[in-house]
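S.K.: Any chance you could fold what I've pasted below:
(chains A, B, C and D)
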Protein chains: 4
Amino acid sequence: MARKNKPIRSDIAWSTPDRIFVRDKSLPDEIIGHLNLGDFAYLQLTGKSPTAAQSRMFNAILVTLVEHGITPSAIVARMTYLGAPEAMQAAIAAGLCGLGTVFVGSMEGAARMLYAAMPESGPRDLPAVARAVVAGFRERREIIPGLGHPVHKPIDPRTTRLFALAKECGFAADYVALMREIGAEAERASDKSLPINATGAIGAICCELGFKWQAIRGFGVMARAIGLVGHLMEEAEHPIAQEIWLRTEDEASAHLRGEKLA
Amino acid sequence: MARKNKPIRSDIAWSTPDRIFVRDKSLPDEIIGHLNLGDFAYLQLTGKSPTAAQSRMFNAILVTLVEHGITPSAIVARMTYLGAPEAMQAAIAAGLCGLGTVFVGSMEGAARMLYAAMPESGPRDLPAVARAVVAGFRERREIIPGLGHPVHKPIDPRTTRLFALAKECGFAADYVALMREIGAEAERASDKSLPINATGAIGAICCELGFKWQAIRGFGVMARAIGLVGHLMEEAEHPIAQEIWLRTEDEASAHLRGEKLA
Amino acid sequence: MARKNKPIRSDIAWSTPDRIFVRDKSLPDEIIGHLNLGDFAYLQLTGKSPTAAQSRMFNAILVTLVEHGITPSAIVARMTYLGAPEAMQAAIAAGLCGLGTVFVGSMEGAARMLYAAMPESGPRDLPAVARAVVAGFRERREIIPGLGHPVHKPIDPRTTRLFALAKECGFAADYVALMREIGAEAERASDKSLPINATGAIGAICCELGFKWQAIRGFGVMARAIGLVGHLMEEAEHPIAQEIWLRTEDEASAHLRGEKLA
Amino acid sequence: MARKNKPIRSDIAWSTPDRIFVRDKSLPDEIIGHLNLGDFAYLQLTGKSPTAAQSRMFNAILVTLVEHGITPSAIVARMTYLGAPEAMQAAIAAGLCGLGTVFVGSMEGAARMLYAAMPESGPRDLPAVARAVVAGFRERREIIPGLGHPVHKPIDPRTTRLFALAKECGFAADYVALMREIGAEAERASDKSLPINATGAIGAICCELGFKWQAIRGFGVMARAIGLVGHLMEEAEHPIAQEIWLRTEDEASAHLRGEKLA
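M.R.: Numbering: from 1, shown residues only, chains lettered A, B, ... in the order given. Below you'll find the predicted structure:
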């Protein structure tokens, strides 16, 4: 009957009246004014300050994820703001709720695929690994995460840039190579243009950086939160949500009104 | 009857198969690898790249807002993750929903107060302005935003640091001075220790940077999104949400169970 | 330093291995199969089972709030589902986030106005009260909550029905009368058609039922949650979110693409 | 290049200045005052008014899901309200975000399992089907959805009641029988007490009612929205969120403060 309490502990932060520490660093003395936002994100997530190369690479990944134009997320945030402008945080929250398996999920999917496929030791015949991976996805009739893009064809320009940066920063090792092999093999096997898209590039580089695949969706969510603030600031000055709503409402029920009133 | 469509326009981003522009800059060529996350946030929100001073100051503000230990937001995100670990984005969204008037709202409150009080032109007698502001709040029996802290007394160490940085970066002008005057006057008038807290310091500096007060809550929301990802990563490895829940549930209904079963 | 714990108590529910009680009633024996959903909502919110008249009236109020066609909420839920179909709860949550001051807020606004204006005792000269209320709103240049509708003119058919039911059920007393007086006076003063809309009718009847104005937004939120489930079920079979998104995205950035590529 | 617009249609509702129809019924004339909230939910979700038996059964299912005491959802809603009392809708939304696979998911899991296992035609040897189902779950080392409860042992009193009602209402046919067989077989195979819990009973009855398994999570979400409004109303009068927060914060970082300050 009597449940025994277990301890409740978190190692992220602590404070006293005159001190505030996050991840073992003094927030006022060692973080504010010393780390940029991306670097502090790295510290918050890993417990360690990034090296110069990690800082450059991780900031580049996050920056890629901030803004993608008028996405479903941006429309959702703007529509929510229309009804509750006094609760901007709820509009951002609503916009983030849809960052699930369909859009953001392919980053974690790519990383998961690469981690699962990469031989832990011994010689790594990456073309052979890629063939096995692609054959498996084709057999299961599943889409290979991180490949293909409805607009950015035949090449996703973000991938080119991210892989170039990864090379500069020393993060273009076996996971990036395997992602490239999988992309090439998938194009061969399907006879379609299947460029590695930004989510595939980011998934591979996150493996190089040693992030768990489960954490990667969080990068998309936190970056998009920034983007959504920008959309809400524009919505406040040049609103579009009401127009989208009214057009949609009119069109969606026109057939019913027409039938009934005819 | 017939509604006339209005145009739907956003000036934030556009893309073609081989190009992606955000705020008139090429994402692959001018942003990725060139701007850190805080700088890109500045660009996304203002349409302009920050100067070196703006970059330093804005990153410092955001960094201050990322992580505040086991806050209600962090508990909410962890509790939500307990029920839906497959939807990390929903846990972050839930955690952000409570960043309303009580906690994060004092930043915008401070900025709003400072903007409203600052004479637009002519000589600025800031001590007199501060006396009028404080008298007004006392008369309306309202709390002055940005002053006082339950833990960080007699000084909030983040404020010291942020104001020092503001001075270094050239952002310690009249709004910061007015905030200080208001703090001093409030202490005099109430005979209580009312240090300018981090939200007051940030509110004042945001005025110096020229941000609308309506945008400032968004800074807290986007920074906290980063912090919450860190909490969820810790929760995944060292969970505490279930223990908080079970203890609370046990205690909350013990009196009912006891009465009824006695 | 040492904080003293305060008790944590909730009086809503308790259970033991073989018993489950909500609001002092046995869930299996006295609630399941005995109370309909609206009645149980009444019990959950007030701690008492409704009388037959209260049941009829409260169910009618909730039923009125469930479904309003393709509202911003419905679009938000559908758009969120597009990105995260595996997390239906997050789509509903996103849809609810916008039920703020603009749409749902006028119910609580109407109730608050009526509670504030109604003389607590003595003779109630409702036309005089209404004149004072309307004059106050006009002076402050604020919109009177619960009046006017963009579509349902000159009469909101839900109001007619709700007020008829209120009369049948014995809930058409002074608050309903005052709401009518305020509507009539507002039309006189503004020389515009200002029918009492459904939110005004509900606000007034909620006063008759004795609900605090702070609770009323919750009625809209819980009813709309039901409506949104219906929208998501339709979206799963006959999706429209992607089409709304693609049209919006195309149009919103066409001017930028055009300018840059010209 | 030029995308062709697809139609945007919804069949749920339509209105004109003097008419409002939902699911082909006049909201003022045929719904308000005629259908209780559960009945209207049934209409909204299925397009048809429920029969008396369907009404009784569906209301009973929803009623079972409204209130489960101080759950993670309730704590989340209360904690969110603490920070943003002006946005009750966001507190409810936050509370719903965690209704994912862990808690609410077992209803849809049970229904999905039953639909998949039930032979479409021919004689139905339910004990043999149950043996195959249980053997499959044991082989895959997966938990059978809808069985077992941490508190309600050896019997979940809601299940007893729901199955009795199902019998009364004519909904205790093969799916309910199969669920019972699976429960019995699972107990035999595991030699543990594995009562059919409320989610298993609801999953089975939802199959009898003909609902798609994908819709069932929505029932939990909409019912819980009602429960959460009750929790927020109690929180407004007798708050517990701050106490939960402060205790948790103190305990969670005590080890860090202690180490560093020792």
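
S.K.: Tell me, how many residues neighbour the closest residue to residue A:69 other than its chain neighbours?
M.R.: Closest residue to residue A:69 apart from its sequence neighbours, by C-beta to C-beta, 6 or more residues apart in numbering or on different chains: residue B:13 at 4.1 Å. All C-beta spots, glycine's among them, are computed from the backbone N, C-alpha and C. Residue B:13: 27 surrounding residues under other C-beta atoms under 10 Å in any protein chain shown.

S.K.: how close does residue B:13 sit to residue B:231?
M.R.: To residue B:231, residue B:13 is 30 Å away according to C-beta to C-beta, to the nearest Å.

S.K.: repeat for residue A:244
M.R.: 34 Å.

S.K.: Provide the backbone phi and psi angles at residue A:133.
M.R.: Dihedral pair for residue A:133: phi -60, psi -50, per degrees, to the nearest 10.

S.K.: One more: residue A:14?
M.R.: Residue A:14 adopts backbone torsions of phi -150, psi 160, taken as degrees, to the nearest 10.

S.K.: Residue A:25 is in contact with that one, correct?
M.R.: No. Counting by C-beta atoms under 8 Å, residue A:14 does not reach residue A:25; the two are 11.5 Å apart.

S.K.: Please say which of the two ends up with more neighbours.
M.R.: residue A:14 (24 against 17).

S.K.: got a list of what the more buried one touches?
M.R.: A:21, B:69, D:253, D:256-257, D:260 (C-beta atoms under 8 Å, 6 or more residues apart in numbering or on different chains).

S.K.: Next: residue A:119.
M.R.: By C-beta under 8 Å, 6+ apart, the contact list for residue A:119 reads residue A:129.

S.K.: where's it, which helix or strand?
M.R.: Assigned by DSSP states H and E, residue A:119 falls within no helix or strand.

S.K.: Return the distance of it relative to chain B.
M.R.: Going from residue A:119 to chain B by C-beta to the nearest C-beta, to the nearest Å gives 26 Å.

S.K.: Can you say which of the contacts of residue A:14 are buried?
M.R.: Among the contacts of residue A:14, the ones that count as buried by 16 or more other C-beta atoms under 10 Å in any protein chain shown are A:21, B:69, D:253, D:256.

S.K.: ok, residues contacting the host helix or strand of the third one?
M.R.: Here residue D:253 sits within helix D:241-261, counting by DSSP H and E. Contact partners of helix D:241-261, identified using C-beta under 8 Å, 6+ apart, comprise A:7-11, A:13-16, A:21, B:69-72, B:75, B:240, B:244, B:248, C:3, C:5-8, D:75, D:78-79, D:81-82, D:235.

S.K.: burial count for residue A:118?
M.R.: With other C-beta under 10 Å as criterion, residue A:118 counts 15.

S.K.: What residues does the stretch 151-262 of chain A have near chain B?
M.R.: A:151-153, A:155, A:157-158, A:160-162, A:165, A:212, A:214-215, A:217-223, A:225-234, A:236, A:238, A:240, A:243-244, A:246-247, A:250 (C-beta under 8 Å from any C-beta of the partner chain).

S.K.: which ones are touching residue A:62?
M.R.: By C-beta under 8 Å, 6+ apart, the neighbours of residue A:62 are A:38, A:41, A:219, A:222-223, B:37.

S.K.: again, only using 6 Å
M.R.: Remark: with contacts taken as C-beta atoms under 6 Å, 6 or more residues apart in numbering or on different chains, residue A:62 is in contact with A:38, A:223, B:37.

S.K.: can you tell me how far the first one sits from residue A:231?
M.R.: Taking C-beta to C-beta as the measure, residue A:38 falls 21 Å from residue A:231.

S.K.: Strands along the stretch 101-250 of chain A, start to end?
M.R.: For the stretch 101-250 of chain A, strands defined by DSSP state E, counting those that start in this stretch do not occur.

S.K.: burial of the residue nearest to residue A:129 when sequence neighbours are not counted, as a residue count?
M.R.: Leaving aside its sequence neighbours, residue A:129 sits nearest to residue A:117 (C-beta to C-beta, 6+ apart; 5.3 Å). Neighbourhood size, residue A:117 [other C-beta under 10 Å]: 17.

S.K.: Check the one 4 residues further on too.
M.R.: The local packing count at residue A:121 equals 5, with neighbours defined by other C-beta under 10 Å.

S.K.: Likewise for the one 5 residues further on?
M.R.: For residue A:126, the count of nearby residues is 19 (other C-beta under 10 Å).

S.K.: and it, what does it touch?
M.R.: Applying C-beta under 6 Å, 6+ apart to residue A:126 gives the contacts A:177-178, A:181.

S.K.: Apply 10 Å and report the result again.
M.R.: When contacts are counted by C-beta atoms under 10 Å, 6 or more residues apart in numbering or on different chains, residue A:126 touches A:117-119, A:174-175, A:177-182, A:185.

S.K.: So among these, where is pLDDT lowest?
M.R.: By pLDDT, residue A:119 ranks lowest within the contacts of residue A:126, coming in at 88.

S.K.: any idea how far that one is from residue A:170?
M.R.: Residue A:119 is 22 Å from residue A:170, by C-beta to C-beta.

S.K.: Also residue A:62?
M.R.: According to C-beta to C-beta, residue A:62 and residue A:170 sit 19 Å apart.

S.K.: ok so, going back, out of the contacts of residue A:62, which are inside helices?
M.R.: Here DSSP state H is the test, and the contacts of residue A:62 give A:38, A:223, B:37 as lying in helices.

S.K.: Nearest to chain D among the residues you listed?
M.R.: Nearest to chain D among those: residue A:223, at 19.8 Å, using C-beta to the nearest C-beta.

S.K.: what's the nearest residue to the closest one once chain neighbours are set aside in contact with, if anything?
M.R.: Excluding its sequence neighbours, the residue lying closest to residue A:223 (C-beta to C-beta, 6+ apart) is residue A:65, at 3.6 Å. By C-beta under 10 Å, 6+ apart, residue A:65 lies in contact with A:99, A:104, A:107, A:158, A:198-199, A:202, A:219-224, A:226-227, B:37.

S.K.: now do residue A:186
M.R.: The neighbours of residue A:186, taking C-beta under 10 Å, 6+ apart as the test, are A:130, A:133-134, A:137-138, A:143-144, A:146-148, A:192, A:194, A:196.

S.K.: tell me the contacts of the residue nearest the centre of chain A?
M.R.: Nearest to the geometric centre of chain A sits residue A:220, at 2.7 Å (C-alpha atoms, centre = their mean). Residue A:220 is in contact with A:61-62, A:64-66, A:73, A:96, A:99, A:103-108, A:199, A:202, B:88-89, B:229, counting by C-beta under 10 Å, 6+ apart.

S.K.: give me that answer again for 8 Å
M.R.: Taking C-beta under 8 Å, 6+ apart, one finds A:65, A:99, A:104, A:107, B:89 in contact with residue A:220.

S.K.: Got a ChimeraX select line for the buried ones in these?
M.R.: Restricted to buried positions by 16+ other C-beta under 10 Å, the ChimeraX selection for those reads:
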select /A:65,99,104,107 /B:89
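
S.K.: While we're on the closest residue to chain C within the stretch 101-250 of chain A, how confident is the model there?
M.R.: Of all residues in the stretch 101-250 of chain A, the one sitting closest to chain C is residue A:249 (4.3 Å; C-beta to the nearest C-beta). What the model reports as pLDDT for residue A:249 is 95.
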